[in-house]
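Novice: Sequence plus the predicted model coming up.
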Amino acid sequence: MAFATTTDAARTDPAVGPEPLTLHDGRPAAAAFTLDPHLGHLNHGSFGAVPRATQAEQQRLRDVMEAAPVAWFPPLPGLVAQARGSVAEFLGTDVRDTAFVANASAGASVVYSSLPVGRRVEILVTDHGYGAVTMGAERLARRWNGRVRTVSVPLDADHDTAAGIITDSITDATSLVVIDQVTSPTARRLPVGAVARHAAQLGVPVLVDGAHAPGLLADPLADLECDFWVGNLHKFTCAPRGTGVLVARGPLVQELNPSIDSWGATDPFPERFDTQGTLDLTGWLAASTSLDLIGDTWGWDTARRYMSDLADHAVDVVAGAFSAITGEDHRVDVGMPVGALRLVRLPGALAAGHGEGNALRDRVLDELGVECAFTAFAGVGYLRLSTHVYNTAADYESFAERCVPVLADWARTA
């Protein structure tokens, strides 16, 4: 069954959502992407979507690589350095602090494997952390006969409350603080700036997981004086997958080494990350194509505003549709909401258990033809909505009409 993607109706009334974005030639924004029009794409925040132009540029680079590999690889580190310069400018950081990595989790692994630590290390994380990054912290702690300590932050905690809870948990035993800038399971911000400032006063290094931040936040590193920051470019900046960034500052920078020891191993940071043997790095080189496409077509501020306005409308129609069936409030009080990401509480115990969110994701895709994200926090299941420029109000209205009643039925029979 085709998923409705109406784009031609003008939407000027906030009650029906923002007017859809279009390309310069008047076509809908979705025409810049290769997403299957027979599916609903309501989960940009997990795997992103790569524009046609970026795919074409990456393929052009691959063709050059395959036409003459011996000519391609020796000068490749210089091309990578130029590409990270463009990304650093977009992020507002110094290119001398900026290295490419495969993704945010890979950047966290670099920190874990390079950090000089002693026995009985203690790593502080929150219960909003991304699972793979937290598992990496646990592996590091096991290696050094230490532990990971998890700080619980209420979902509705505002900036000052969350900052106080986390900073009060830092002790003399804390060797590293790992904190998400934008949380994956709970679609909220955490007060990374306040936490990093407090930790710096105590001499405790901080790793900020900014996986969702590039493109979603206008200036993710402004006034953020942390030791390490990692971000994904394949999410809201729409770069090819396998393109992430590690930004490092302070006394521990030269301890960082790429996960692959290659011929740049003796170079300083970040140049040693520019040489990765025979890996296909065309995604890194093509990343700026996506940055420029969105910037030149709509402007990043306009794109972010559209995504946020559309997310507000999505919550209105989807949470409202659930409420009409259950008689309950399905809106979620998130202490520090963020841009294109929103939560809607699911009915009953739907997706509330460990691993149930992914199972529900697969069932919805298979039976309803919609790509969604389902998460759980503190025993409650949520639908995590994430919008982008190619989405329209009609996407969420169709989901509310066609899919919400099915999800409510599934909750009753779970």
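Specialist: All right, it came through fine. Residues are numbered from 1 along each chain as shown.

Novice: Quick check on residue 215: phi, psi?
Specialist: Residue 215 has phi and psi values of phi 90, psi -40 when expressed as degrees, to the nearest 10.

Novice: you'd agree it is up against residue 238?
Specialist: Yes. Contact status for residue 215 versus residue 238: in contact at 7.4 Å, counting by Cβ atoms under 8 Å. C-beta coordinates here come from the backbone N, C-alpha and C atoms, glycine included.

Novice: Name the SS class of residue 63, please.
Specialist: helix (DSSP: H, G, I helix; E, B strand; the rest coil).

Novice: packing partners for the one helix or strand residue 85 maps to?
Specialist: If you go by DSSP states H and E, residue 85 is part of helix 76-91. Using 3 or more Cβ pairs under 8 Å, 6 or more residues apart in numbering; DSSP states H and E as the contact test, the elements touching helix 76-91 are strand 98-101, strand 244-248, helix 282-297.

Novice: before we move on, back to that, could you tell me which residues touch both of residue 215 and residue 238?
Specialist: residue 294 (Cβ atoms under 8 Å, 6 or more residues apart in numbering).

Novice: for the stretch 201-350 of the chain, what spans make up the strands?
Specialist: 206-209, 228-232, 244-248, 341-345 (DSSP state E, counting those that start in this stretch).

Novice: Alpha carbons of the helix or strand following the last one, as CSV, please.
Specialist: Under the assignment DSSP H and E, the closest C-terminal helix or strand after strand 341-345 is helix 356-368. Extracted C-alpha coordinates of helix 356-368, given in CSV (Å, rounded to 0.1, in the frame of the first residue of the first chain):
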residue,chain,number,x,y,z
GLU,A,356,10.9,-4.9,22.0
GLY,A,357,11.4,-1.6,20.3
ASN,A,358,13.5,-3.1,17.5
ALA,A,359,11.0,-5.9,17.1
LEU,A,360,8.2,-3.4,16.8
ARG,A,361,10.2,-1.4,14.3
ASP,A,362,10.6,-4.5,12.1
ARG,A,363,6.9,-5.4,12.4
VAL,A,364,5.7,-1.9,11.5
LEU,A,365,8.0,-1.8,8.5
ASP,A,366,7.0,-5.3,7.3
GLU,A,367,3.2,-5.0,7.9
LEU,A,368,2.5,-1.2,7.6
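
Novice: so what strands line up beside the following helix or strand past helix 356-368?
Specialist: Reading on from helix 356-368 to the C-terminus, the next helix or strand found by DSSP H and E is strand 370-371. Taking DSSP bridges as the criterion, strand 370-371 forms sheet pairs with strand 40-41 (parallel).

Novice: Distance from the chain centre to the helix or strand just after the partner strand, please.
Specialist: Moving toward the C-terminus from strand 40-41, the first helix or strand encountered (DSSP H and E) is helix 44-47. Per Cα atoms, centre = their mean, to the nearest Å, the displacement of helix 44-47 from the mean C-alpha position of its chain is 7 Å.
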